[in-house]
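K.L.:
here is my input, please return the structure:
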Amino acid sequence: MRKFLVLLPSLSFFFFFVSCVSHKPDSKSFKPFEDIPEKWASWDTNTSDAQEKIYWADSFDDPRLTEAIRTAWRSNPQLISQAEQTLARGEEAVIVGANLTPNANLGVSGSRSKANLIGFNLPNGNTSFTSSSFSAGLNLSWEIDLWGKLKSQKESAKKYFEMASQDYEGARLSIAGQVSKTWFEVAENRQQTKLSRQTMDIFGTNQNFVSNRFKNGLATSLENDLATSAFASAQASNSMRLRILSKSVRKLEALLGMYPDGTLDLNASPLLPKLNSLALPSTPSTALENRPDILSSRLQLEASGFDLSAARLSLLPSLSISGGPGSRAENFEDLLDNQFQTWELGGSLTQPLFQGGRLKAQIRRADALKQASFANYRAVALRAFTEVEDLLFNESRLRAEETYLETATRAAESAAQISWDRYQSGLQEIFDALDSQRRFFDSKSSLLNIRKERAINRTNLFLGLGIPALQIEP
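P.N.:
Below is the predicted model of the structure:
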């Protein structure tokens, strides 16, 4: 036994160097597809080939929008919650990593006991005695990482922390996108409300004009009813637009972490941005390195590789040592006396023999989760590619639709004015005149909507490419 205690420090020193031997995680290739193209299939070569700005929010040239995004980053409760969860993941990595280092505990204990002596004729009839015992010491314990199992667990925890960090960055990007898109919805709804008010005023003027003619016998009851119906429909449309505007403002307030009372002061009505030609987007391979959700799924794959490695290494023996200096005495004040000092050193070598299939089941479980992580990585990448290809295709189509609607709106406005002049001159029926005006307002409303859709599609494209919204403030 004494020889073992003498050799144990040397064995511990040897096993320490063995535990430092590098090991490779059990992981697959980090490339989800072998045939990733060098450029996007839906890229319109007629657009600009200039490189995109680093921060996409700046491309809309609206300082109030950028300030709204920063406000959401500071105050959105969902984002704050995810930030705290990310910090918790980091602490979990620290906790797991602590298993690689020795644990030290300083303890002091004391006890007092009484024993009765039966069957002894002691002087003075004393048949019991009491005793005290006090001890203090430093207890060290250490599981030596012979095969790298604990290191694999530590690396896995680090990957999960990095994955949580990417999820947080993805949440920041998502919040920026939601604020931007809601901002454009508010801008469109404000302009739609203004347009609906103009429509209501014009149809109200028309109704008064036709009503006076009807009272003077110059218009039929059909013409009066048609004008009244058009005015009432315009009033209902205006009420609907006010309702939609209020809802979009409340949505924006909630994103900014404010109480959604619908009274957000935007200083001036936000306008829909005038979009420049789309700059040359990054390649699909670059998107793999930029999108937080893809990076997160890849980190999950790496973590699952370390988990599988740790599960396999759990079949191998484990070595632990414990002990340390201390003291033991009957009187508490003697604990610091060198005469009462003690020390203890022990070790254990454990080899799993029978666990009811638990360890092998853990290996199969870890392997299944690793395969699932790789499939999820491919699925996330494929979904990202699909999103970007759809958004790039929409970019050129929406631009064309806006051009067509601009032409249609100008023509409809001219036709509405001519048609109403012809009705007042008795050269055209009121039904045609009202229909021409309705076509103009519908066309202008569609134009506002398509401009909003372009701005939202552009925002979604930036998100799909993983481009950061704004520079992170220190």
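
K.L.:
residue ranges in the stretch 251-400 of the chain under the pLDDT threshold?
P.N.:
By pLDDT under 70, the weakly predicted segments of the stretch 251-400 of the chain are 266-270.

K.L.:
mind running it again at 90?
P.N.:
Across the stretch 251-400 of the chain, the ranges flagged by pLDDT under 90 are 262-289, 314, 318-359, 396.

K.L.:
do you have the strands of it handy? List them.
P.N.:
318-329, 341-350 (DSSP state E, counting those that start in this stretch).

K.L.:
need those in JSON lines (columns: mean neighbour count).
P.N.:
Just so you know, the C-beta spots here come from the backbone N, C-alpha and C atoms, and that holds for glycine as well. What follows is the strands of the stretch 251-400 of the chain, written out as JSON lines (neighbours: other C-beta atoms under 10 Å):
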{"stretch": "strand 318-329", "mean neighbour count": "17"}
{"stretch": "strand 341-350", "mean neighbour count": "13"}
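
K.L.:
export those to a markdown table and tack on distance to S304?
P.N.:
As requested, the strands of the stretch 251-400 of the chain are exported to a markdown table (distance: least, C-beta to C-beta, whole Å):
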| stretch | distance to S304 |
| --- | --- |
| strand 318-329 | 23 |
| strand 341-350 | 26 |
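
K.L.:
how close does G97 sit to D145?
P.N.:
Distance, G97 to D145, by C-beta to C-beta, to the nearest Å: 11 Å.

K.L.:
who has more neighbours, the two?
P.N.:
D145 (24 against 16; other C-beta atoms under 10 Å).

K.L.:
look up phi and psi at the more buried one.
P.N.:
D145 adopts backbone torsions of phi -80, psi 80, taken as degrees, to the nearest 10.

K.L.:
how near is the residue nearest to the spatial centre of the chain to D261?
P.N.:
With distances taken as C-alpha atoms, centre = their mean, the residue of the chain nearest its centroid is A171 (2.7 Å). As judged by C-beta to C-beta, A171 and D261 stand 25 Å apart.

K.L.:
again with K360
P.N.:
60 Å.

K.L.:
what about Q191, how many neighbours?
P.N.:
23.

K.L.:
just checking, what packs against the helix or strand it falls within?
P.N.:
Using DSSP states H and E, Q191 sits within helix 149-215. With contacts taken as 3 or more C-beta pairs under 8 Å, 6 or more residues apart in numbering; DSSP states H and E, helix 149-215 sits against helix 63-75, helix 77-97, helix 221-255, helix 292-313, helix 430-465.

K.L.:
deepest of those, which one?
P.N.:
Comparing the helices and strands packed on helix 149-215 on average neighbours per residue, with mean count of other C-beta atoms under 10 Å, the densest one is helix 292-313 at a mean of 23.

K.L.:
give me the helices and strands touching that helix, please.
P.N.:
Contact here means 3+ C-beta pairs under 8 Å, 6+ apart; on that basis helix 292-313 packs against helix 149-215, helix 284-290, helix 358-424.

K.L.:
angle of it against helix 358-424?
P.N.:
Relative orientation of helix 292-313 versus helix 358-424 (axes from the mean of the first three to the mean of the last three C-alpha atoms, to 10 degrees): 170 degrees.

K.L.:
quick one: helix 292-313 to chain centroid distance?
P.N.:
Offset of helix 292-313 from its chain centre (C-alpha atoms, centre = their mean, to the nearest Å): 19 Å.

K.L.:
same deal with stretch 441-454?
P.N.:
Chain-centre distance of stretch 441-454: 32 Å, with C-alpha atoms, centre = their mean.

K.L.:
so what touches it?
P.N.:
For stretch 441-454, the surrounding residues in contact (C-beta atoms under 8 Å, 6 or more residues apart in numbering) are 184-185, 187-188, 191-192, 195, 198-199, 272, 275, 395, 398-399, 401-402, 405-406, 408-409, 412-413.

K.L.:
of those residues, buried ones?
P.N.:
Using 16 or more other C-beta atoms under 10 Å as the burial test, the contacts of stretch 441-454 include 184-185, 187-188, 191-192, 195, 199, 272, 275, 395, 398-399, 401-402, 405, 408-409, 412-413 as buried.
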